[in-house]
Each structure stands twice: as structure tokens, then as C-alpha cells.
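S.K.: Okay, sequence plus prediction incoming.
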Amino acid sequence: MCKAGVCAPIVCGDGVMQGAEQCDFGAGNGPGKGCELNCTFSCTKAPDSCADAETCNGVEVCTTFVNGAQVGQKCAPGVQ
């Protein structure tokens, strides 16, 4: 990665999506927030990693959402 003509390492959590990062919300990264601390999405769509097989609390699904100018994926609760 080049910044201002200087080679710089890719840093997860700096708010700039680069390299193999799926997302990077900067300080907004965290468990279940759509972008994890390791700059991967919080869930997967295929297969859907949100479903918990509890029919009483609805069917959770992995959804795409926009955080500022970045795209993330997090579990959306089901309808009871």
C-alpha cells in the first residue's frame, strides 16, 4: 500500500479498506457491528451464518448495510 509516495503496511482498523480486508470502519469495528476487529464481515450470506434454528424468535438473516461510505454485513433479528 502506498500513502503519499511511501510504502506503508495494511492496517486493519484505520478506516481505509485495502488489501484483503472485506470492510474497515476504523474505531467502529467490533463484534457484531458489521465489521469485526479483523476487518471481516460479522456474518456470511451463503450460507447464512445468522440462523439459530429458534423459530420462536424469528428467522435471523445476514444483511448488508452501509456505515458512512463503507459496506458491512451483520445479523438482523427475525420477527417473533
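M.R.: Here it is on my side, so go on.

S.K.: Check what contacts the strand or helix carrying T63 and list those residues.
M.R.: Following DSSP states H and E, one finds T63 within strand 61-67. Residues from elsewhere that reach strand 61-67 (C-beta atoms under 8 Å, 6 or more residues apart in numbering): 25, 28, 34-35, 41, 43-45, 48-51, 71-76, 78. For glycine as for every other residue, the C-beta is placed from the backbone atoms N, C-alpha and C.

S.K.: And for the next helix or strand after it, what's in contact with it?
M.R.: Using DSSP H and E, the helix or strand that follows strand 61-67 in sequence is strand 70-76. Residues from elsewhere that reach strand 70-76, judged by C-beta under 8 Å, 6+ apart: 17, 23-25, 32-35, 41-45, 49-50, 60-66.

S.K.: Next, the buried residues of stretch 15-29.
M.R.: Using 16 or more other C-beta atoms under 10 Å as the test for burial, stretch 15-29 gives M17, E21, C23, D24, F25, G28, N29.

S.K.: Need the residues that contact that stretch.
M.R.: For stretch 15-29, contacts defined as C-beta under 8 Å, 6+ apart pick out 1, 10, 12-14, 33-37, 39-41, 67-68, 70-73.

S.K.: Please produce a ChimeraX select command covering the buried subset of those residues.
M.R.: A single ChimeraX command selects the buried members of those (16+ other C-beta under 10 Å):
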select :12,13,34,35,36,39,40,41,67,70,72,73
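
S.K.: re the thing from before, give me the sheet partners of the strand holding T63 and which way each runs.
M.R.: Strand pairing for strand 61-67, determined by DSSP bridges: strand 70-76 (antiparallel).

S.K.: Pull the distance from the strand it pairs with to the chain's centre.
M.R.: Relative to its chain's centre, strand 70-76 lies at 5 Å (C-alpha atoms, centre = their mean, to the nearest Å).
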